[in-house]
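1. model the following, please.
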Amino acid sequence: MRTRSIVALFMSAGLCSSALGWDAHGHRTITLLAIDKFAVEVQKDEIASRELGFVLAPSGRAQAAYQAGEPDRYRAIRLGQLKHENDPEHYLDVEDLEPFGLTLLTMPPLRNEYVRAMVIAKHVHPENMRPYNEKTDVARTQEFPGFLAHASIEHYGKLVSSFRQVRVLEALKDPARADQLAAARANVLYEMGYLSHLIGDAAQPLHTTRHHHGWVDDNPEGFTINRGFHSYIDTTVLGIHALSHDTMKDLPIATITVDRNDPWTDILQHVQRSFDKVRPLYVLQKSGDLEKEPGKAFIQERLVDGAAMLSALYVAAWKASEASEKDIKDFVMYDQVSSALPNPMEPKKPVQPTIEGQKPAAK
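-> Residues are numbered from 1 along each chain as shown. So this is what the prediction gives:
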């Protein structure tokens, strides 16, 4: 009965046409594990422990974990422009960089330069491109290998900014800005969740390969071609092995250090670690071990690696967000709606010349 139930779930999952990249449960698990690890680092610093209490509180943890599912909820909105922008941010098909003359190491870190490089390559060497039919891709989401790495570092930068605004408002200690502080904290929880989704997707091997919904093209090893394989990994396998924050919270999570000023290379290494697991994942499914202890260990490792990377980015973003006196002064100046701000349209007053050693004339 159990086997038939699993097969039924696997086959019904094949009806899903889009990859979600873990389900909401999986993304929550990664987020909560990462915050556990983040809390260990935060509590070493009295100031950080105080200012980040809203993140570590049960309500903050719950909100960040909820937000980790938000990018998938966008998929329910049938708006072409949203689908065009959102869907390719969930994956990076590493093999498909090659026709564009790119690799993970040579991929431009700026999104538009990455697009430009691919457009030029497609124009100059159309013979190298994989088949693409724009008539069946109405929202134009399948032409390029994906933007998961770029979305990850962009949202890392947004998290740095959100952390900084909290630190600025905490430094001001102005009761009149209580609503601003509440909004700034909400922004932090949103960005922590959003970044979690992206890093969690990157930890799921099927988000790093063209073989995302079953094996495609040449298949000498006879791997599954069932399009439900992706949803099976995202949801069914987690249930089979009862993987959750509660069952995994005592597992050791590695300490990863990333470049707080530019974690681009670190993010690419995270993608590469996951991509290296694509074939082993298919081997586990083919052998039947995916539903046994080897499969449990494999999926557990992927969730924990996602949590370790995410926690490292949380720590780096917090350290990078330290607010200088200038940051605080600039915030106060530009936040005001006042005629006290300088008017760039007014001509500058001439400076009176002075004779060396003589004080300027009194105004």
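2. please count neighbours and contacts with C-alpha atoms only from this point.
-> Will do.
3. need the pLDDT of Met345.
-> In this model, Met345 is scored at 71, pLDDT.
4. is it located within a strand, as I assumed?
-> No - applying DSSP: H, G, I helix; E, B strand; the rest coil, one finds Met345 to be coil, outside a strand.
5. okay, now the unreliable bits of the stretch 1-150 of the chain?
-> Scanning the stretch 1-150 of the chain with the threshold set as pLDDT under 70 gives 1-21.
6. ranges for the strands of it?
-> In the stretch 1-150 of the chain, no strands are found when defined by DSSP state E, counting those that start in this stretch.
7. got the contact list for stretch 239-249?
-> For stretch 239-249, contacts defined as C-alpha atoms under 8 Å, 6 or more residues apart in numbering pick out 25-26, 28-30, 32-33, 238, 291, 296, 300.
8. widest-spaced pair of those residues?
-> Farthest pair in those (C-alpha to C-alpha) is Leu32 and Glu291. Separation: 24.4 Å.
9. between those two, who's got more neighbours?
-> Ranked by neighbour count (other C-alpha atoms under 10 Å), Leu32 and Glu291 place Leu32 first, with 24 against 17.
10. can you pull the contacts of the more buried one?
-> The contact partners of Leu32, by C-alpha under 8 Å, 6+ apart, come to 61, 65, 245.
11. from what I can see the first one touches Ile35, true?
-> In this case it means Arg61. Yes - assessed by C-alpha atoms under 8 Å, Arg61 is found in contact with Ile35 at 7.3 Å.
12. between those two, point out the one with more neighbours.
-> Ranked by neighbour count (other C-alpha under 10 Å), Arg61 and Ile35 place Ile35 first, with 25 against 21.
13. next secondary structure element downstream of the lengthiest helix in the chain?
-> Longest helix in the chain, counting residues (DSSP state H): helix 293-320. Using DSSP states H and E, the helix or strand that follows helix 293-320 in sequence is helix 325-335.
14. now do the contacts for Trp22.
-> So Trp22 contacts 200-201, 204, 231, 233-235 (C-alpha under 8 Å, 6+ apart).
15. can you list contacts of stretch 286-306?
-> 26, 29-30, 33, 199-200, 202-204, 223-224, 237-238, 240-241, 243, 253-254, 274, 281, 284-285.
16. could I get the buried residue list for it?
-> 290-291, 295-296, 298-300, 302-306 (16 or more other C-alpha atoms under 10 Å).
17. over to stretch 209-216?
-> Quick answer for stretch 209-216 (16+ other C-alpha under 10 Å): 209-215.
18. how about stretch 122-132?
-> Lys122.
19. now swap in stretch 309-323 and tell me
-> The neighbour-count check on stretch 309-323 (16+ other C-alpha under 10 Å) flags 309-321, 323 as buried.
20. same thing with stretch 129-146?
-> Result for stretch 129-146 [16+ other C-alpha under 10 Å]: buried residues 139-142, 144-146.
21. what of stretch 159-178?
-> Buried residues in stretch 159-178 (16+ other C-alpha under 10 Å): 159-169.
22. so how many other residues sit close to Ile225?
-> What Ile225 shows, counting by other C-alpha under 10 Å, is a neighbour count of 15.
23. circling back to that earlier point, can you lay out the contacts of Leu32 as JSON lines showing distance to Pro131?
-> Listed next are the contacts of Leu32 as JSON lines, based on distance: C-alpha to C-alpha, whole Å:
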{"residue": "Arg61", "distance to Pro131": "44"}
{"residue": "Ala65", "distance to Pro131": "38"}
{"residue": "His245", "distance to Pro131": "41"}
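24. relative to Asn133, how far out is Asp23?
-> Distance of Asp23 to Asn133, given as C-alpha to C-alpha, to the nearest Å: 29 Å.
25. over to Lys348?
-> For Lys348, the distance to Asn133 - C-alpha to C-alpha - is 59 Å.
26. can you check Glu293 too?
-> Between Glu293 and Asn133 the distance is 41 Å, computed by C-alpha to C-alpha.
27. over to Ala320?
-> For Ala320 relative to Asn133 (C-alpha to C-alpha), the value is 43 Å.
28. one more: Pro88?
-> As judged by C-alpha to C-alpha, Pro88 and Asn133 stand 16 Å apart.
29. what of Asp259?
-> 40 Å.
30. near Ala57, how many other residues are there?
-> 11.
31. what about the helices in the stretch 51-200 of the chain?
-> 53-56, 58-67, 70-73, 80-86, 111-124, 148-172, 178-203 (DSSP state H, counting those that start in this stretch).
32. nearest to Asp335, out of those?
-> Of these, nearest to Asp335 by C-alpha to C-alpha is helix 178-203, at 10.6 Å.
33. quick check: which helices or strands does the closest one pack against?
-> helix 24-42, helix 58-67, helix 70-73, helix 148-172, helix 264-275, helix 293-320 (3 or more C-alpha pairs under 8 Å, 6 or more residues apart in numbering; DSSP states H and E).
34. how about the very next helix or strand once past that helix: buried residues?
-> Remark: after helix 178-203, the chain's next helix or strand is helix 229-231, criterion DSSP H and E. Counting neighbours by 16+ other C-alpha under 10 Å, one finds that the buried residues in helix 229-231 are 229-231.
35. nearest to Leu189 among those residues?
-> Once C-alpha to C-alpha is applied, the member of the buried residues of helix 229-231 that ends up nearest Leu189 is Ser231, at 27.0 Å.
36. quick check: closest non-adjacent residue to Lys277.
-> Counting by C-alpha to C-alpha, 6 or more residues apart in numbering, the nearest residue to Lys277 once its immediate chain neighbours are dropped is Pro205, at 6.0 Å.
37. report the contact partners of that neighbour.
-> 274-278, 281.
38. and Phe275, by the same measure?
-> Taking C-alpha under 8 Å, 6+ apart, one finds 94, 205-206, 208-209 in contact with Phe275.
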